[in-house]
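**Student:** based on what follows, work out the 3D shape:
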Amino acid sequence: MVKDDQKSAGLTAQRAPAVASRSSSFRLTALVLTVVSLATATGFWAASWRHKPDPVPQGRTVRGYRDWPKPDVAIVLSGELHGYLQPCGCSEPQKGGLARRYNLIQSLIKDRGWPVVAADLGDLAQANGPQALLKYRYAMEGLQKLRYTAIGVGTNETTLPLLSALGEFALNNPTPRVLAANLHNMEKDYPGMVKSIETSAGENGVPRVTFVSVIGPSVAKQMQENDHSLQFDPVEKTLEALLPEIQKTKAEVRVLLYEGSEEEAKAYVVAAQNSPQKLPEFQIVVWLSGDQEPSMKPEQIGDSLLLSVGHKGQYVGIVGYYGQGSPFRYDLVALNPEFETPEGHDQDNPLHALMQKYAQEVRDENYLAKYPHNAKHPVQIAFPASTYVGSEKCKKCHDFAYDVWKNSAHFHAFEALTVKAKRPTLRQFDGECVRCHVTGFGLEGGFVSEEKTPLLKNVGCESCHGPASLHVKNPNDEKIRAAINPLKAKKGEDPIRVANRIDYACQTCHDLDNSVHFKFEEYWEKKNIVHNTPKE
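**Tutor:** So this is what the prediction gives:
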């Protein structure tokens, strides 16, 4: 058992496309000149600790934790960040962000005087991409600034791979401590990791909390597919062996970070409660949310609370502990804009400086150039000689459509990265932002940088229609025209079916993470996107 010296912590699924219930009068003419946008590669035992949690609430109160009396300790729980360091800022109200999490935790500590400890389930990293390892390092540094005690290991960490992730931060930093109790030969082969960790007692007798993390069978299988060198011991066997060590601690609260499914976590809780002399019991068990929205109501099994805290860092769970024999309280808190740092107070939140440092490193190390640019657009597959030429080439023959585009937000898309982006700036150097604000990023001959491909800044005609050089040369070639207009409504085709296709295509960028209020039928008609000529 490792003891932590800190006294307290300072803390998409796509939309469904349009459905047949939409009016069949939906404008067919609005569907003529649109095509799929391509996605680029592109979270004490026995009677001494048994106390009954609060009954499962029917729903969260309006104020939630704000109405609680001061707990003996507040336990902040997060997980499955998936590399979402901050909301992209393209629309509001977006949830999440480490800076908002900092403000929430500071409000508990400074405004309410609560003692706080914090832990993360794992899956801090994103699954892939040129910036994955870099973002993991900055996310770990962020949790350190939030004074997290512990973090588990998720599937995404094993794609880095795991040893690279540990070398990026844990080997040189004692907090947050990385846990994985049933990783075989963990203490020998994976330096910087431990099986469990206990917080020290704080001032005024703040209760101690023990954190243990295990990898469930389903997740262990996924991890081994990512990294064949990984081996895992059975969860129950591991925790049975760990029981004597846990029993020696003086922790009043025990938290199990179960990197596995809800069913697997429940099965362990039931097994432990049926064999309390053999398996350690935990009052709080956190399991993976996956793609599901987390429930505001924790499930109670015996004396254990089982809960999930969502993904992409959009929520944190707060558990209030009020002493032995007293019930826990729980609140799932969405990190909405209410937790945004007020203008002019960025210096009070160290996460803003950290995010700016991250943006500067992305720029200085030219991560934009690390993205592959060899994928082919369907037009290029059909016509290999096709190249991108820029929207200005379209003006001569498509003056009406060109003027519509010039007066749309798509024409100013790159400005959102260079002018409007704050906290941090420099978004024009971040491929994860750039891909939806330019033309052809990640595709052969598409946007590379503002300096090298200035004609492909913004979301231009070829963002949807594909590289148009052959169409410019041969405007009357019907095969080429068909290639750059694959979603054009066919004679007699149901307009709702066509609308659904286009809606799905738009969601390549206008997804739930980045375009909160997107509704195809409204954006297409009202955002100055309809660009078929009057005669059409």
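**Student:** where do the helices sit along the stretch 151-300 of the chain?
**Tutor:** Using DSSP state H, counting those that start in this stretch, the helices of the stretch 151-300 of the chain run over 155-158, 162-168, 186-189, 217-226, 235-247, 262-274.
**Student:** what bits of the stretch 201-350 of the chain have low per-residue confidence?
**Tutor:** 202-203 (pLDDT under 70).
**Student:** where exactly do the strands run in it?
**Tutor:** Taking DSSP state E, counting those that start in this stretch to define them, one finds strands in the stretch 201-350 of the chain at 209-215, 253-259, 284-287, 299-301, 304-307, 315-321, 329-334.
**Student:** ditto for the stretch 1-150 of the chain
**Tutor:** 2-4, 73-78, 116-120, 150-151.
**Student:** same list (those) but as TSV, adding distance to Asp403.
**Tutor:** (C-beta placed from N, C-alpha, C; glycine too.) Shown next, in TSV, are the strands of the stretch 1-150 of the chain (distance: least, CB to CB, whole Å):
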stretch	distance to Asp403
strand 2-4	63
strand 73-78	48
strand 116-120	50
strand 150-151	53
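**Student:** can you lay out these as JSON lines showing distance to Gly313, mean neighbour count and mean pLDDT?
**Tutor:** Formatted as JSON lines, the strands of the stretch 1-150 of the chain follow (distance: least, CB to CB, whole Å; neighbours: other CB atoms under 10 Å; pLDDT from 0 to 100):
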{"stretch": "strand 2-4", "distance to Gly313": "22", "mean neighbour count": "17", "mean pLDDT": "55"}
{"stretch": "strand 73-78", "distance to Gly313": "7", "mean neighbour count": "26", "mean pLDDT": "98"}
{"stretch": "strand 116-120", "distance to Gly313": "10", "mean neighbour count": "29", "mean pLDDT": "98"}
{"stretch": "strand 150-151", "distance to Gly313": "13", "mean neighbour count": "30", "mean pLDDT": "98"}
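**Student:** please identify the most buried of the strands of the stretch 201-350 of the chain.
**Tutor:** Of those, the one with the most neighbours on average (mean count of other CB atoms under 10 Å) is strand 209-215, at a mean of 30.
**Student:** and the strands of the stretch 201-350 of the chain: which comes nearest His184?
**Tutor:** strand 209-215 (10.3 Å; CB to CB).
**Student:** of the strands of the stretch 1-150 of the chain, which is nearest Ala99?
**Tutor:** strand 73-78 (13.8 Å).
**Student:** show me what the closest one is packed against.
**Tutor:** Helices and strands touching strand 73-78, by 3 or more CB pairs under 8 Å, 6 or more residues apart in numbering; DSSP states H and E, are strand 116-120, strand 253-259, strand 284-287, strand 315-321.
**Student:** as JSON lines, the ones you listed with distance to Tyr102 would be great.
**Tutor:** As requested, the helices and strands packed on strand 73-78 are exported to JSON lines (distance: least, CB to CB, whole Å):
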{"stretch": "strand 116-120", "distance to Tyr102": "11"}
{"stretch": "strand 253-259", "distance to Tyr102": "21"}
{"stretch": "strand 284-287", "distance to Tyr102": "21"}
{"stretch": "strand 315-321", "distance to Tyr102": "11"}
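**Student:** related to what we said a few turns ago, out of the strands of the stretch 201-350 of the chain, which gets nearest to Ala132?
**Tutor:** Closest to Ala132 of the strands of the stretch 201-350 of the chain, according to CB to CB: strand 253-259, at 18.3 Å.
**Student:** partner strands of that closest one and their direction?
**Tutor:** Here strand 253-259 is paired, per DSSP bridges, with strand 209-215 (parallel), strand 284-287 (parallel).
**Student:** residue contacts, Ile484?
**Tutor:** Val35, Val379, His465, Gly466, Ala468, His471 (CB atoms under 8 Å, 6 or more residues apart in numbering).
**Student:** please redo it, this time with the cut-off set to 6 Å
**Tutor:** Val379, His465, Gly466, His471 (CB atoms under 6 Å, 6 or more residues apart in numbering).
**Student:** got the helices of the stretch 151-300 of the chain as TSV, with mean neighbour count and distance to Cys90 columns?
**Tutor:** Putting the helices of the stretch 151-300 of the chain into TSV (neighbours: other CB atoms under 10 Å; distance: least, CB to CB, whole Å) gives the following:
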stretch	mean neighbour count	distance to Cys90
helix 155-158	24	24
helix 162-168	19	29
helix 186-189	13	41
helix 217-226	17	31
helix 235-247	17	41
helix 262-274	18	32
